[in-house]
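K.L.:
only geometry, no sequence info:
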C-alpha cells in the first residue's frame with residue numbers, strides 16, 4: 001500500500017496477480033462492470049502494443065531524434081521513460097493492428113472515429129507513455145514537434161485512464177521519492193524527463209488537468225513532503241492557488257506541502273539546464289510552505305495598516321482555515337492570522353467559528369482520554385468492529401436508530417452480512433471499505449476503542465451478549481409500560497393480559513441472566 005500508493009484492496013489484487021492468483025470477489029459485479037473487467041486485459045495489450053510501435057518509430061525518425069537531442073535528452077533517459085514517436089500519418093497504427101476497424105483502438109483513445117472514418121489521434125508527436133501505479137500503460141501524452149497546436153495532446157478518458165487520478169512519471173520516480181522523502185509536482189512531461197536527466201528523479205506531472213484531491217492523497221501516501229513547482233507568471237500562481245485549495249483539507253501535521261515559483265521566463269526544464277541540480281534543489285528546500293503561501297496571498301489583497309484591511313484579512317482567511325484538517329497546522333494558522341490581524345488567538349478562533357475537537361477522531365488509535373458514549377449501541381459497535389462474526393447474531397430491531405452509533409452499526413452489520421465477511425477481516429480492510437462512509441470517523445473510533453480493550457474473542461462475545469440482553473430488556477420494558485397504561489384503563493383483551501404477564505416474566509429472566517453473568521457494561 002505504501003510503496004505503490006494503492007488502497008488495501010488494490011494492493012492485495014496487485015500481489016495476487018504477481019503470483020498468478022485471483023482474489024475472489026465478494027460482490028457480484030453488475031453487467032457493465034463485468035463487461036469492462038472482461039475487456040481490460042485486451043485493452044492493456046493494445047496499449048502495450050501501441051507503445052512498442054511508437055518506440056520503434058522513434059528509432060526510424062531522424063527528426064524526432066534530433067528534437068530530443070536538442071532538448072538535451074540522452075538515449076538512456078528516453079529508454080527509461082519509454083519515449084516514442086507517432087509518425088505524421090493519418091493511419092500509422094493500421095500497420096500493426098489488423099483490427100484497426102474494430103472498437104478496442106477507439107476505446108483506448110488511440111483512434112478517433114468521425115462520421116464513419118477512422119484516423120490516429122496522435123500524429124507527428126513525441127510520445128510519452130503514461131503508466132498506472134502497477135506499471136501498465138494506460139495512456140499517452142504527445143508533444144508536438146515544432147509550433148503546432150495543441151503543444152501537448154493527451155489521451156482522453158478511457159476505461160483504463162482517468163486523468164484526475166493519475167500522474168506522469170510515478171513509476172520511474174517511485175524509488176527516488178522514497179529515498180529523498182519528497183515529491184515535486186511539475187506541469188509538463190518534458191519537465192519530469194529533464195529533471196530526471198539532471199539527477200532529480202522524484203518529479204511527477206499532472207496530466208493536463210488542475211491538481212485534484214486524488215493527486216494530493218496519492219502523493220502524500222508516498223512522500224514525507226509534497227512540493228508543487230509552478231512558473232512564476234499569473235497562470236502559474238493561479239494553478240498554485242487551485243492546488244492550495246485542494247490540499248487544505250488533506251494536509252497532515254507531519255507532512256509539509258510547499259509551493260515553489262521559478263523565476264519568470266523559466267520552467268523546471270530550462271532552469272535545471274541553466275543552473276544545475278544543486279541550485280534547483282536549494283529552491284525546492286527553501287520553497288514557501290502552504291501556510292506561508294496562503295497568508296502571503298491573503299495579505300496581498302488587503303491593507304493591514306487599516307482596521308478595515310485587518311477585518312477583511314480575517315474574513316478572507318476564515319473559509320480557508322476552516323478547511324484545514326490537520327489540528328496542529330490549523331492551530332498555527334490561527335495564531336499567525338491573529339498576529340497579522342492584531343487580535344488574540346481566542347478572538348480569531350471566535351471569528352473563525354472554530355469547532356471544538358470532535359469526540360470521534362481520525363484513523364489513529366484512540367487516545368486514553370477518549371470518553372466513549374454510554375449507550376449499549378456503542379458497546380455493540382465496538383465489539384462488532386473487532387469481531388465481525390458477531391454481526392450474524394445482531395438483531396438490529398433492538399437498537400435506537402436515532403443514535404449515530406446505531407446507524408454506524410447498521411451499516412457495518414449490513415456489509416458483513418451481505419458479503420459473508422468472517423472474523424478474518426483485517427483492520428485495514430475495514431478502513432479501506434468505510435473510508436468514504438458518512439459514519440467513517442465513528443466506525444474507526446469504535447474499531448480503535450475495541451482494539452484498545454485487548455479483549456479475547458470470548459470476552460468480546462460476552463460483552464456483546466450482555467449489551468444485547470440489556471437492549472432486549474429495554475425494548476420489553478417499553479412494551480410492558482404501554483400494556484400497563486392500557487391495563488389501568490381497563491382496555492386489555494384476554495390475550496393481551498397473557499402477553500403482559502409473559503413479558504414481565506421474560507424481563508425477570510433476562511435480568512437474572514445479567515446478574516449471574518457477573519459483568520457490568522462499560
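P.N.:
Noted; the coordinates are in hand. Remember, it's a predicted structure, so these values are computed and weren't measured experimentally.
K.L.:
drop to CA atoms for contacts and neighbour counts, all remaining ones
P.N.:
Noted.
K.L.:
just after the host helix or strand of residue 337, pick out the following helix or strand.
P.N.:
Counting by DSSP states H and E, the secondary-structure element that holds residue 337 is helix 327-341. Tracing the chain C-terminally past helix 327-341 and defining elements by DSSP H and E, one meets helix 345-351 next.
K.L.:
identify all contacting residues around that next one.
P.N.:
Helix 345-351 is touched from outside by 314, 318, 334-335, 337-339, with contacts defined as Cα atoms under 8 Å, 6 or more residues apart in numbering.
K.L.:
ranges for the helices of the stretch 101-250 of the chain?
P.N.:
Secondary structure of the stretch 101-250 of the chain (DSSP state H, counting those that start in this stretch): helices located at 103-107, 170-180, 189-197, 213-222, 234-247.
K.L.:
quick one, strands of the stretch 151-300 of the chain?
P.N.:
With DSSP state E, counting those that start in this stretch, the ranges of strands along the stretch 151-300 of the chain come out as 152-154, 167-168, 182-186, 203-206, 225-231, 257-262.
K.L.:
deepest in the core, which of these is it.
P.N.:
For the strands of the stretch 151-300 of the chain, the stretch with the most neighbours on average is strand 167-168, a mean of 28; neighbours defined as mean count of other Cα atoms under 10 Å.
K.L.:
which residue sits farthest out from the middle of the chain?
P.N.:
Of all residues in the chain, residue 490 sits farthest from the chain's C-alpha centroid, using Cα atoms, centre = their mean; the distance is 62.2 Å.
K.L.:
which SS class is it?
P.N.:
Secondary structure of residue 490, reduced to three states by DSSP: H, G, I helix; E, B strand; the rest coil: coil.
K.L.:
ok, residue 85 next?
P.N.:
With three-state DSSP as the basis, residue 85 sits in strand.
K.L.:
wasn't residue 319 part of a helix?
P.N.:
Yes - secondary structure assignment places residue 319 in a helix (three-state DSSP).
K.L.:
who are the contact partners of it?
P.N.:
residue 352.
K.L.:
and it, what pLDDT?
P.N.:
Each residue has a pLDDT score; the one for residue 319 is 92.
K.L.:
per-residue confidence for residue 73?
P.N.:
Residue 73 is assigned a pLDDT of 92 by the prediction.
K.L.:
give me phi/psi at it?
P.N.:
As for residue 73, its main-chain torsions (degrees, to the nearest 10) stand at phi -90, psi 140.
K.L.:
spit out the contact partners of it.
P.N.:
193-194, 197.
K.L.:
who's in contact with stretch 116-131?
P.N.:
For stretch 116-131, the external contacting residues (Cα under 8 Å, 6+ apart) are 51, 54, 64, 81-93, 101, 109-113, 137-145, 153, 167-171, 189.
K.L.:
list the buried residues in that stretch.
P.N.:
Taking 16 or more other Cα atoms under 10 Å as the basis for neighbour counts, the residues of stretch 116-131 that come out buried are 118-131.
K.L.:
what do you get for stretch 142-155?
P.N.:
Of the residues in stretch 142-155, those buried by neighbour count under the rule 16+ other Cα under 10 Å are 142-145, 152-155.
K.L.:
tell me the two of the residues you listed that are most distant?
P.N.:
The largest distance within the buried residues of stretch 142-155, taken as Cα to Cα, falls between 145 and 155 and amounts to 17.4 Å.
K.L.:
a markdown table for the helices of the stretch 101-250 of the chain, including distance to residue 501, mean pLDDT and mean neighbour count?
P.N.:
Supplementary listing: the helices of the stretch 101-250 of the chain in a markdown table, determined by distance: least, Cα to Cα, whole Å; pLDDT from 0 to 100; neighbours: other Cα atoms under 10 Å:
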| stretch | distance to residue 501 | mean pLDDT | mean neighbour count |
| --- | --- | --- | --- |
| helix 103-107 | 70 | 89 | 18 |
| helix 170-180 | 70 | 93 | 19 |
| helix 189-197 | 79 | 94 | 23 |
| helix 213-222 | 60 | 90 | 18 |
| helix 234-247 | 63 | 91 | 17 |
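K.L.:
go through those and name the closest to residue 437.
P.N.:
Distance to residue 437, taken as Cα to Cα, is lowest for helix 213-222 among the helices of the stretch 101-250 of the chain, at 16.9 Å.
K.L.:
name the helices or strands packed onto the closest one?
P.N.:
With contacts defined as 3 or more Cα pairs under 8 Å, 6 or more residues apart in numbering; DSSP states H and E, helix 213-222 has these neighbours: helix 170-180, helix 234-247.
K.L.:
residue 269 is nearest to which of the ones you listed?
P.N.:
Closest of the helices and strands packed on helix 213-222 to residue 269 is helix 234-247, at 15.1 Å (criterion: Cα to Cα).
K.L.:
report the angle between the closest one and strand 257-262.
P.N.:
Here helix 234-247 points in a direction 180 degrees away from that of strand 257-262 (axes from the mean of the first three to the mean of the last three Cα atoms, to 10 degrees).
K.L.:
just checking, what packs against helix 234-247?
P.N.:
The helices and strands touching helix 234-247, judged by 3+ Cα pairs under 8 Å, 6+ apart, are helix 213-222, strand 225-231, strand 257-262.
K.L.:
how does it look with 10 Å?
P.N.:
Packing contacts for helix 234-247, counted by 3 or more Cα pairs under 10 Å, 6 or more residues apart in numbering; DSSP states H and E, involve helix 213-222, strand 225-231, strand 257-262, helix 290-299, helix 307-323.
K.L.:
and it with helix 290-299, angle?
P.N.:
Using the same axes, to 10 degrees, the inter-axis angle of helix 234-247 relative to helix 290-299 is 120 degrees.
K.L.:
by mean pLDDT, show me the worst of the helices and strands packed on helix 234-247.
P.N.:
Minimum mean pLDDT among those: helix 213-222, a mean of 90.
K.L.:
after the helix or strand bottoming out on mean pLDDT in the chain comes which helix or strand?
P.N.:
Comparing every helix and strand of the chain by mean pLDDT, DSSP states H and E singles out helix 427-434 as the least confident one, with a mean of 66. Toward the C-terminus, helix 427-434 is succeeded by helix 440-452 as the next helix or strand (DSSP H and E).
K.L.:
for that following helix, what is the average pLDDT?
P.N.:
Mean per-residue pLDDT for helix 440-452: 75.
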